[in-house]
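Visitor: pasting the structure only:
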Ligand SMILES: [Zn+2]
């Protein structure tokens with residue numbers, strides 16, 4: 001007889017023991033659920049397909065910025081993948097999204113004189129030597145361009161918005177404000193550092209523009225010290241002049257800061273050729289497996305299909321997309337028929353507008369979502385789930401997550417869900433986000449380093465298995 005039979009026999013005996021001697025239905029279910037979760041992990045780790053799907057998404061399609069050709073190709077590809085799973089149905093939901101393009105590569109340089117050389121030149125009546133340094137920058141998403149000549153001016157380096165508040169408008173006028181606010185390295189979860197520093201990227205143009213600056217530069221959102229600038233969404237206000245905004249690499253920020261302290265008569269220029277076009281029509285990609293007994297109750301698992309344009313969007317959020325599709329495939333492979341309806345959503349335009357998730361909530365928000373989960377924190381080793389729901393529901397979720405302890409993915413201490421499901425959360429839907437180890441995410445997040453080579457196959461598969469497990473548990477037992 002096959003070993004699998006012994007295992008099944010053993011499980012049935014344990015179940016019998018629990019039902020006879022403990023009369024505990026819950027304990028019986030836990031055994032059944034534990035066995036099924038083991039099968040989910042085996043399917044993901046032994047026969048997983050998400051890694052090769054991610055390779056195709058990254059290497060054959062490339063970046064998937066909203067409104068780009070790559071985004072439309074990724075819609076067709078992931079829709080086909082959903083259909084190929086052979087379970088449930090899938091369709092495209094139309095959505096209007098912004099189209100912002102970077103244009104030709106950005107550049108940034110500073111010219112300056114050194115005080116000692118200036119003094120020597122005056123004494124010897126020699127021409128003053130003008131020095132020049134360059135820095136790696138990237139336009140922030142949705143920023144206006146600078147025109148082909150760029151913008152030039154004196155730089156004011158600041159570490160915070162409050163430092164800007166204390167300056168007089170006349171002092172800031174026509175200068176370039178450089179927000180050199182680093183990630184807080186003392187925070188163990190790097191998402192906490194991102195949460196704290198992210199406002200400088202998002203609001204720099206509004207704050208500096210309000211004071212009359214002609215442009216703004218922000219330090220990249222990462223703890224890594226390297227030469228890769230990190231892009232990301234920024235915003236404008238109608239009442240404030242729209243000034244160009246870019247991010248500088250962390251090494252660039254450090255050397256610019258050092259230089260500003262030691263030189264005289266500097267002049268910084270940055271050039272970016274980005275442009276916002278009219279909105280275009282595009283799509284969310286949606287799959288669904290109808291529930292057998294509670295089909296009116298919907299469990300959503302999702303990720304965002306769009307990415308920034310500097311690389312391949314491998315971790316952000318290609319990983320979440322292929323994990324979402326992998327859950328469909330695993331359920332099909334295991335012949336699992338969920339009790340509750342499970343919806344698999346790849347959202348359009350998370351990075352620069354959230355238009356996909358807004359359109360989803362508009363059309364399907366009235367459906368009875370009992371839980372929405374997002375995977376948008378990278379394809380790293382899963383530790384557990386962050387949760388946005390009532391205390392009571394958290395306790396129920398935590399009791400399910402205990403079954404993931406053997407797989408080291410049972411943590412439920414952190415709060416909150418992902419950006420795409422925040423629209424559902426506002427409507428009272430309990431939400432969660434897969435919580436992978438965060439230490440390396442911001443090394444590549446929104447930069448040229450977010451490529452397939454930086455995703456580990458096993459970590460990616462473990463994430464898919466963890467998601468499939470909690471979706472299965474909630475489908476079986478409710479929330
Ligand atoms: Zn993302």
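Guide: Arrived safely. What you see is a predicted model, and the numbers here were worked out from it, not measured in a lab.

Visitor: How about the stretch 101-250 of the chain: which residue is closest to the ion?
Guide: The nearest approach of the stretch 101-250 of the chain to the ion comes at residue 232, 9.7 Å away (Cβ to the ion). Every residue, glycine included, has its C-beta placed from N, CA and C.

Visitor: Quick check: which ranges of the stretch 151-300 of the chain have low pLDDT?
Guide: For the stretch 151-300 of the chain, no stretch has pLDDT under 70.

Visitor: switch to 80 and redo it
Guide: Under the criterion pLDDT under 80, the flagged ranges of the stretch 151-300 of the chain are 264.

Visitor: which residue ranges form the helices in it?
Guide: 161-165, 169-172, 190-210, 250-262 (DSSP state H, counting those that start in this stretch).

Visitor: which of the residues in the shortest one are buried?
Guide: Spelled out, that is helix 169-172. residue 172 (16 or more other Cβ atoms under 10 Å).

Visitor: Tell me which of the helices of the stretch 151-300 of the chain sits most buried.
Guide: helix 190-210 (a mean of 21; mean count of other Cβ atoms under 10 Å).

Visitor: what does it contact?
Guide: 140, 143, 161, 164, 172, 177, 179, 181-185, 187, 215-216, 218-219, 221, 223, 232-237, 240-245, 247, 377, 438-439, 441-442 (Cβ atoms under 8 Å, 6 or more residues apart in numbering).

Visitor: picking that back up, okay, now the residue of the stretch 101-250 of the chain closest to the ion: neighbour count?
Guide: 23 (other Cβ atoms under 10 Å).

Visitor: picking up where we left off before, is it possible to export the helices of the stretch 151-300 of the chain to a markdown table including distance to residue 349?
Guide: Output for the helices of the stretch 151-300 of the chain, formatted as a markdown table (distance: least, Cβ to Cβ, whole Å):
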| stretch | distance to residue 349 |
| --- | --- |
| helix 161-165 | 27 |
| helix 169-172 | 33 |
| helix 190-210 | 16 |
| helix 250-262 | 28 |
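
Visitor: do you know which of those helices lies nearest residue 337?
Guide: Shortest distance between residue 337 and those, using Cβ to Cβ, is found for helix 190-210: 35.8 Å.

Visitor: Generate a ChimeraX selection restricted to the buried subset of the contacts of helix 190-210.
Guide: Restricted to buried positions by 16+ other Cβ under 10 Å, the ChimeraX selection for these reads:
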select :140,143,161,164,172,177,179,181,182,183,215,216,218,219,221,223,232,233,234,235,236,243,244,245,247,377,438,441,442
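
Visitor: Tell me how far the nearest residue to residue 473 once chain neighbours are set aside lies from residue 430.
Guide: Excluding its sequence neighbours, the residue lying closest to residue 473 (Cβ to Cβ, 6 or more residues apart in numbering) is residue 400, at 4.2 Å. As judged by Cβ to Cβ, to the nearest Å, residue 400 and residue 430 stand 13 Å apart.

Visitor: can you check residue 128 too?
Guide: 66 Å.

Visitor: If you count surrounding residues, which of those two has more?
Guide: More crowded of residue 128 and residue 430, by other Cβ under 10 Å: residue 430, with 23 against 15.

Visitor: residues in contact with the more buried one?
Guide: 370, 371, 372, 387, 388, 389, 390, 393, 479.

Visitor: could you redo the last one with a cut-off of 10 Å?
Guide: Residue 430 makes contact with 369-373, 387-390, 393-394, 396-397, 417, 421, 424, 474, 479, according to Cβ atoms under 10 Å, 6 or more residues apart in numbering.

Visitor: pretty sure the residue nearest to residue 473 is touching residue 476, no?
Guide: Yes - between residue 400 and residue 476 there is a contact under Cβ atoms under 10 Å: 9.3 Å.
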